[in-house]
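In: Sequence first, predicted coordinates after that:
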Amino acid sequence: MRNINRCSYDIIWLYVRDFEVNVDLFILLSRQAEDMTMDTKQIGRFLKELRKSENMTQEELGDRVGVTNKTISKWENGNYMPPIDVLMLLSEIYGVSINEILNGRRLEDA
């Protein structure tokens, strides 16, 4: 079972508190948010795969996007997610969509 995204949990709790939603509905909303949680480990594996396919080191990629190699490592291990401005840069560097990055895999054209 995946851990619920802390931000999603906090938003749901504020909804419960502010709008007096009952506990059963809170549990249902929590489970739905849990199902929507991104698989950061899969995203990290995909980012690593993309970087290696470009024959770049973590340090080289970090220089291109303005972060340290340790930050790249944290993304690739799934411990952190790149901010949206960096996702846009990674999308351009790797020739994939942001949607593909967030899905952790290449998506087939519809």
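Out: Arrived safely, thanks for sending.
In: list the contacts for Q42?
Out: Contact criterion CB atoms under 8 Å, 6 or more residues apart in numbering gives 78, 104-105 as the residues in contact with Q42. All C-beta spots, glycine's among them, are computed from the backbone N, C-alpha and C.
In: what about 10 Å?
Out: Under the criterion of CB atoms under 10 Å, 6 or more residues apart in numbering, the contact list for Q42 reads 78, 102-105.
In: now Y94
Out: 46-47, 49-51, 53-54, 56, 61, 100-101.
In: pLDDT below threshold where in the protein?
Out: Low-confidence segments of the chain, defined by pLDDT under 70, are located at 1-38, 109-110.
In: Show me how the record splits it into domains.
Out: Structural domains of the chain, as assigned by automatic domain parsing, span the residue ranges 6-36, 40-103.
In: which residue ranges form the helices in the protein?
Out: Assignment of helices within the chain using DSSP state H yields the ranges 6-19, 23-36, 40-53, 58-65, 69-76, 84-94, 98-103.
In: Just the buried positions in the fourth one, please.
Out: When neighbours are counted by 16 or more other CB atoms under 10 Å, the buried residues of helix 58-65 are found to be 58, 61-62, 65.
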